Structures are given as C-alpha cells and as structure tokens.
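Student: Provided below are the primary sequence and the corresponding predicted coordinates.
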Amino acid sequence: MSAQVITVASLKGGSGKSTLASCLAVYWRMRGWRVLLVDADPQHSVLRLAAREQALGGLPVIARADRDMWKAVKEQAGDYDLIVVDTPGFDSEITAAGLAVADLVLIPVKPSPLDVDRMTDTVGLLMAGVQGWAPTFRCVLTQTTRGSVIARHIRAELEEAGFPLLRQELQNRVSYAEAALYGATPTLTQPDGAAAQDVQELAGEVEALLATRKVRSA
Ligand SMILES: Nc1ncnc2c1ncn2[C@@H]1O[C@H](COP(=O)(O)OP(=O)(O)O)[C@@H](O)[C@H]1O
Ligand SMILES: [Mg+2]
C-alpha cells in the first residue's frame with residue numbers, strides 16, 4: 001500500500017498551514033498511523049518545531065524545500081500510511097510540486113476578505129491544473145472567533161462561490177502557540193482540550209474524504 005498524500009497549501013503567509021499540517025500529522029500518528037510530515041517551506045517552521053523538546057511526539061519529519069520535493073514524497077510512500085506536506089506561502093513552484101503529488105489539498109483560510117482573495121488565487125493555481133490534472137481540495141477556516149459574524153459571512157460567501165469548505169473550523173486558541181513552545185501540538189499537550197477536539201473533528205472529516213478516494217481508486 002502506498003501512502004495517501006495530503007498537501008496543505010495557500011499562497012497566503014500566516015493562514016495557518018504549518019499549524020494545520022503539524023496538528024493533523026501528530027493526531028494521526030497518535031492514532032497509530034504511520035505518518036510522515038514533509039516540510040517543503042524554506043523557512044522550515046515545521047522542522048524547527050520538531051527540534052524543540054517534544055519533537056512533535058516523535059513524528060518523522062523531512063525537509064525538502066525544492067521543486068523536486070515530489071520525488072522524495074514518492075520515494076517514501078511505500079513506508080507510510082499517510083504523508084502530510086507543508087508548503088511555503090509564497091513560492092508557487094514548490095507549492096505546485098506539492099499539489100502535483102497530492103491526493104487531497106487542504107487550504108487554510110482566515111475569515112477576512114483579504115485572506116479569502118488570496119485563497120482564491122491558490123485555488124486558481126490548483127484549477128490551472130498540474131499537467132492538466134487538478135487534485136481534490138477543501139478549504140478550512142482557521143483562527144476564527146467563536147460565534148463571530150465575519151466567520152459566518154465568509155463561510156456563506158465561500159460556499160456561494162463554490163469553494164468546498166470543511167464543516168469543522170480551527171478556532172483561534174492560544175493553546176496552539178503554547179504547545180509549539182515545546183515542539184508539540186494541542187493533541188499532545190492537552191488531549192482533552194478544546195483545540196485537540198477541533199483537530200479530532202477536522203481529522204474525522206478528512207478521513208472520510210480519504211476513504212472515499214480509496215474506494216474510488218481500488
Ligand atoms: N487556530 C489557531 N489559533 C491561534 N493561533 C493560530 C491558529 N492557527 C495558527 N495560529 C498562529 O498563527 C501564526 C501563523 O500560523 P502558521 O501555521 O505558521 O501559518 P503559515 O504556515 O500559513 O504561515 C502562528 O503564530 C500560529 O501559532
Ligand atoms: Mg508555515
């Protein structure tokens with residue numbers, strides 16, 4: 001069995017890519033899956049996180065921030081159930097390489113019109129296709145404020161514009177940064193906390209998508 005690949009992409013910096021990628025990868029590892037996290041961002045946020053005390057719970061991380069990164073992903077695919085790729089917010093060539101190898105693309109977006117505009121550029125890149133082929137993608141609202149009008153507004157706007165959005169949001173919570181201090185995610189530091197629950201719900205939605213894909217390709 002070859003690993004399924006999830007690429008986290010957005011041409012907008014600070015949208016929450018590295019947080020989303022590391023939280024999901026750690027979550028599935030804690031569930032007993034064989035997970036590899038590929039850091040394709042030359043700024044190496046994820047690699048640096050893994051160098052801190054808790055080392056993302058022992059999650060294997062490799063850094064490959066170049067256009068040929070997809071080759072490394074293919075080479076590793078036999079040894080894992082799932083490979084999560086974190087991409088830079090600016091380099092569209094590395095991002096395109098990440099999209100080319102993905103079974104599923106997750107696009108984090110903050111609930112602000114400025115962020116949504118940049119997100120639609122990312123989807124434009126996706127739709128332009130990598131050699132005529134565009135992977136399945138879903139948008140994820142991140143850093144939302146509970147019950148805020150803007151998150152609801154942006155959700156409605158995205159849905160109206162035909163951008164598929166996961167139901168679960170990653171709310172704005174300080175526990176992500178607190179966990180990162182120790183090279184961890186909330187799943188490791190506060191497994192019963194609200195952030196860990198958000199991650200679990202989100203992971204469940206993603207698992208359902210991967211399962212559908214598997215059935216299709218079987
Ligand atoms: N759900 C969240 N709640 C609170 N802070 C968040 C959340 N997601 C991301 N952040 C913070 O926002 C900043 C940017 O997130 P990051 O994942 O590094 O974005 P990117 O990789 O897209 O540049 C970081 O300081 C991170 O801790
Ligand atoms: Mg990042």
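Tutor: That came through fine. Ligands and ions are numbered 1, 2, ... in the order given.

Student: from now on I want contacts and neighbour counts done on CA atoms only, so please keep to that.
Tutor: Will do.

Student: next, count neighbours for the residue lying closest to residue 168 once chain neighbours are set aside.
Tutor: Once flanking residues are discounted, residue 168 sits nearest to residue 202: 5.4 Å by Cα to Cα, 6 or more residues apart in numbering. The local packing of residue 202 (other Cα atoms under 10 Å) involves 19 other residues.

Student: swap in residue 22?
Tutor: By the measure other Cα under 10 Å, the count of residues near residue 22 is 27.

Student: do the one 10 residues further on as well
Tutor: Residues near residue 32, counting by other Cα under 10 Å, number 10.

Student: contacting residues around the residue nearest to residue 168?
Tutor: For residue 202, the contact set (Cα atoms under 8 Å, 6 or more residues apart in numbering) comprises 166, 167, 168, 169.

Student: what about the one helix or strand it maps to, average pLDDT?
Tutor: Take DSSP states H and E as the rule and residue 202 turns out to sit in helix 194-217. What helix 194-217 shows for mean pLDDT is 88.

Student: what's the spacing between that helix and its chain's center?
Tutor: Computed by Cα atoms, centre = their mean, to the nearest Å, the separation of helix 194-217 from the middle of its chain amounts to 12 Å.

Student: about what we covered before: if any of the contacts of residue 202 are buried, put those into a ChimeraX selection.
Tutor: Selection of buried members from the contacts of residue 202 for ChimeraX, criterion 16 or more other Cα atoms under 10 Å:
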select :166,168,169
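
Student: which one among the contacts of residue 202 gets closest to ligand 1?
Tutor: Proximity of the contacts of residue 202 to ligand 1 (Cα to the nearest ligand atom) peaks at residue 169, which lies at 8.2 Å.

Student: from residue 64, how far out is that closest one?
Tutor: Using Cα to Cα, to the nearest Å, we find residue 169 at a distance of 29 Å from residue 64.

Student: buried residues, the lowest-mean-pLDDT helix or strand in the chain. List them.
Tutor: Here the helix or strand of the chain ranked lowest by mean pLDDT, DSSP states H and E is helix 113-128, holding a mean of 81. In terms of neighbour count (16+ other Cα under 10 Å), helix 113-128 has its buried residues at 115, 116, 118, 119, 120, 122, 123, 125, 126.
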